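Engineer: Fold the stuff below for me.
(chains A and B)
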Protein chains: 2
Amino acid sequence: MNAELPFELLHSELVACMFAREQETSSTEEANANAGQDESFLETTNAATKLELLGYRVGYALVERIAKELPRISTELDCMKFICKEFWSAIFRKQVDNLRTNHQGVYVVMDNKFFLLVPLSAGQQYLTASPRYVAFSCGLIRGALANLNIQSVVTATVETMPAVKFNVHVQQKS
Amino acid sequence: MNAELPFELLHSELVACMFAREQETSSTEEANANAGQDESFLETTNAATKLELLGYRVGYALVERIAKELPRISTELDCMKFICKEFWSAIFRKQVDNLRTNHQGVYVVMDNKFFLLVPLSAGQQYLTASPRYVAFSCGLIRGALANLNIQSVVTATVETMPAVKFNVHVQQKS
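Structural biologist: Numbering: from 1, shown residues only, chains lettered A, B, ... in the order given. Have a look, this model is predicted:
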């Protein structure tokens, strides 16, 4: 038994539940409006946004609980390293595999065997569903950074399951 | 760092998020209807029901993952013991403290230091919020039993934080 199994299952049921509800709402709206808009796009966006926001709150809270056990983190790069090591290990039981940066506020975090995609990665047939399974984790990173006083935009790309690339764009303070 | 911290935080943010959304919906409905009904009761019921259902699905899936590592469970009492030991440990890192039964389908599962209530139990001031924090776990038990082919109704009572009593009523097959 893996210690992280309850978290994985709760996340996976949450994804299913959010997207099912979206589909319901969307069907009703479609029936009402009958306007031939791209409802499936809207639906994905809404559920993904909710998951991202939930991830944000968990990431924000989690940093508070981990960071008190750690020495003070000072630079932006130190923050990113903390996310890739301690923070990632605390949730996903492994560090990320690679961190790249252009030293101008853009970071690429690569995890070649991403915990929340592994159960889906028996084949490539789930590749289209993968954005649903990374939205929460985009929020996790954004929330963690926010609590370290770094505002960012985080997106993810999945090309080969179960590998994922998180793209972090730090918003420069004006 | 506790391995179960991400699960605890995800659960806690989920509770907050569900009840916040309920409150929003309820305010809108109240404004529309303006009928003086007990909206706060309805609101609690809806969010609690959703959490219970989410717990049900997680419990159902979790049993599948744990039970394959276990010898075959045959009687109803064996199932309840499995819930109290292996199942509970897998999620909450401890067994329950006490299991009582009237041998007629009624079981009382007692956990004197319930994992999801511990963060709230600094005082008794959160006692009124406690039903929100046990709804998911009522579902967990009901889902786990359903996957073991036992239909049940599960409720919870919290008298002294962070202790909780889960009351399991097995539905007799007709």
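Engineer: Wait, residue A:95 touches residue A:88, no?
Structural biologist: Yes: because the distance of 5.5 Å satisfies CB atoms under 8 Å, residue A:95 is recorded as touching residue A:88. C-beta here means a position set from N, CA and C on the backbone, and glycine is covered the same way.
Engineer: Neighbour count: the two, which is higher?
Structural biologist: Neighbour count, other CB atoms under 10 Å in any protein chain shown: between residue A:95 and residue A:88, residue A:88 has more, with 21 against 15.
Engineer: So the more buried one versus residue A:82, what's the distance?
Structural biologist: Distance, residue A:88 to residue A:82, by CB to CB, to the nearest Å: 9 Å.
Engineer: For chain A, what lies in contact range of chain B?
Structural biologist: Chain A comes close to chain B at residues A:1, A:3-7, A:9-14, A:16-17, A:50, A:53-54, A:57-58, A:61-62, A:65-66, A:69, A:90-91, A:93, as judged by CB under 8 Å from any CB of the partner chain.
Engineer: lowest-confidence helix or strand of chain A?
Structural biologist: The weakest-scoring helix or strand in chain A, judged by mean pLDDT, DSSP states H and E, is helix A:5-33 (a mean of 74).
Engineer: Doesn't residue A:110 belong to a helix?
Structural biologist: No: counting by DSSP: H, G, I helix; E, B strand; the rest coil, one finds residue A:110 to be strand, located in no helix.
Engineer: element containing the residue nearest to the spatial centre of chain A?
Structural biologist: Most central in chain A under CA atoms, centre = their mean is residue A:137, positioned 1.7 Å from the mean C-alpha point. Using DSSP states H and E, the element containing residue A:137 is helix A:130-147.
Engineer: Can you list the buried residues in the next helix or strand after that helix?
Structural biologist: The helix or strand immediately downstream of helix A:130-147 is strand A:152-157, counting by DSSP H and E. Buried positions in strand A:152-157, judged by neighbour count with 16 or more other CB atoms under 10 Å in any protein chain shown: A:152, A:154, A:156.
Engineer: ok, now stretch A:48-57?
Structural biologist: Buried residues in stretch A:48-57, counted by 16+ other CB under 10 Å: A:48, A:50, A:51, A:52, A:53, A:54, A:55, A:56, A:57.
Engineer: what mean pLDDT does the next helix or strand after the least confident helix or strand of chain A have?
Structural biologist: Per DSSP H and E, helix A:5-33 leads on to helix A:39-67 as the next helix or strand towards the C-terminus. Over the span of helix A:39-67, the pLDDT mean works out to 80.
Engineer: again with stretch A:151-166
Structural biologist: For stretch A:151-166, mean pLDDT is 92.
Engineer: List of residues touching it?
Structural biologist: Contacts with stretch A:151-166, where a contact means CB atoms under 8 Å, 6 or more residues apart in numbering or on different chains, come from A:108-114, A:117-118, A:120-121, A:124, A:126-127, A:130-131, A:134-135, A:137-139, A:141-142, A:145-146, A:167-171, A:173.
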